[in-house]
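**Student:** Here is my input, please return the structure:
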Amino acid sequence: MDASTKFLEPFKDSFGVNYYGFSSDTIYNAKAKLGDLEPKSLIVFIGHGSSRGLYEPDEQHIYEKYFLDAMWGNHYFEKHDVILLCCRSNEFIRKIDKASCLIGFGNIISSKRELDVHNKNIKIKKKLSEEEIALFNSYFVDSIIKTIKLIENGNIIFEDVSKYIAFFINKCVVNILKDRSNPNRVELARLLFEFRDEIEYQNNAELFSI
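**Tutor:** Numbering: from 1, shown residues only. Below you'll find the predicted structure:
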């Protein structure tokens, strides 16, 4: 985690000893942790990513070095259930065939900088304040944490993860749209709907008979 992903800190508060944070100086320690996991463990990566891999933390926000590319992702994720909370992981998981099951996400606009990059490439611009982006971040983070806790407690199985994240996101959207004091509530709700609709579940056991 680096300065750009501080909004993900609730994961640390929620999962205690099961949370492992790392920096660019402790990459090998993080990989060793992955290598020591029992088969069929639940792995949740939170940070930055692309369709090609998961980035190392970078305080300069350049994001060129991969923590795991497809080759190493297949190595470390083999036989595990995996949630990759990072941009374009819904494309990256298509390159991972050794994991048991995976959840990926689309383009996550989690900062003003990312909003500006997004708006450069489209005609219809998104208009969101920094406060609204912070709200968006808190809503999807809370939805995912609630879902992971359901897995931890044995209330749901992994194949239900995307459905429950969507369920909690929908509840957030209802509350946003009810708040008529926010003139930009439709734009914020739309961003959450886009986040929800880009969640992808991949069951490699069915796809590849592993």
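
**Student:** CA only for contacts and neighbour counts going forward, please
**Tutor:** Fine.

**Student:** if I've got this straight, N137 is in a helix?
**Tutor:** Yes - looking at N137 with DSSP: H, G, I helix; E, B strand; the rest coil, it is inside a helix.

**Student:** quick one: it and G35, what's the gap?
**Tutor:** 30 Å (Cα to Cα, to the nearest Å).

**Student:** the more surrounded of the two?
**Tutor:** Neighbour tally, N137 and G35, criterion other Cα atoms under 10 Å: the higher count belongs to N137, 20 against 14.

**Student:** quick one: F67 and E56 touch, right?
**Tutor:** Yes - using Cα atoms under 8 Å, F67 is in contact with E56, at 4.7 Å.

**Student:** Give me the more crowded residue out of those two.
**Tutor:** E56 (23 against 19).

**Student:** contacting residues for the more buried one?
**Tutor:** 23-24, 27, 48, 63, 65-67 (Cα atoms under 8 Å, 6 or more residues apart in numbering).

**Student:** Excluding chain neighbours, what is closest to the residue nearest to the spatial centre of the chain?
**Tutor:** In the chain, the centroid-proximal residue (Cα atoms, centre = their mean) is L85; its distance is 1.3 Å. With sequence-adjacent residues excluded and distances taken as Cα to Cα, 6 or more residues apart in numbering, L85 is closest to I46, at 4.8 Å.

**Student:** correct me, but that neighbour touches L8?
**Tutor:** Yes - counting by Cα under 8 Å, L8 is a contact partner of I46 at 7.4 Å.

**Student:** For the protein, which segments count as strands?
**Tutor:** 42-46, 49-50, 53-55, 66-69, 81-85, 101-104, 200-203 (DSSP state E).

**Student:** CA-only coordinates of the fifth one, as PDB, when you get a sec.
**Tutor:** In PDB, the C-alpha atoms belonging to strand 81-85 read as follows (Å, rounded to 0.1, in the frame of the first residue of the first chain):
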ATOM      1  CA  ASP A  81      -9.400 -18.600  -4.300                       C
ATOM      2  CA  VAL A  82      -8.400 -15.000  -5.300                       C
ATOM      3  CA  ILE A  83      -9.900 -11.600  -5.100                       C
ATOM      4  CA  LEU A  84      -7.900  -8.900  -7.000                       C
ATOM      5  CA  LEU A  85      -9.200  -5.400  -5.900                       C
END
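
**Student:** Summarise which helices and strands it is packed against.
**Tutor:** strand 42-46, strand 101-104 (3 or more Cα pairs under 8 Å, 6 or more residues apart in numbering; DSSP states H and E).

**Student:** What strands line up against the shortest one, and which way round?
**Tutor:** This points to strand 101-104. When pairs are called by DSSP bridges, strand 101-104 turns out to pair with strand 81-85 (parallel), strand 200-203 (antiparallel).

**Student:** Other residues contacting the shortest one?
**Tutor:** It refers to strand 200-203. For strand 200-203, using Cα under 8 Å, 6+ apart, the contacting residues are 90, 93-94, 100-105, 159, 162.
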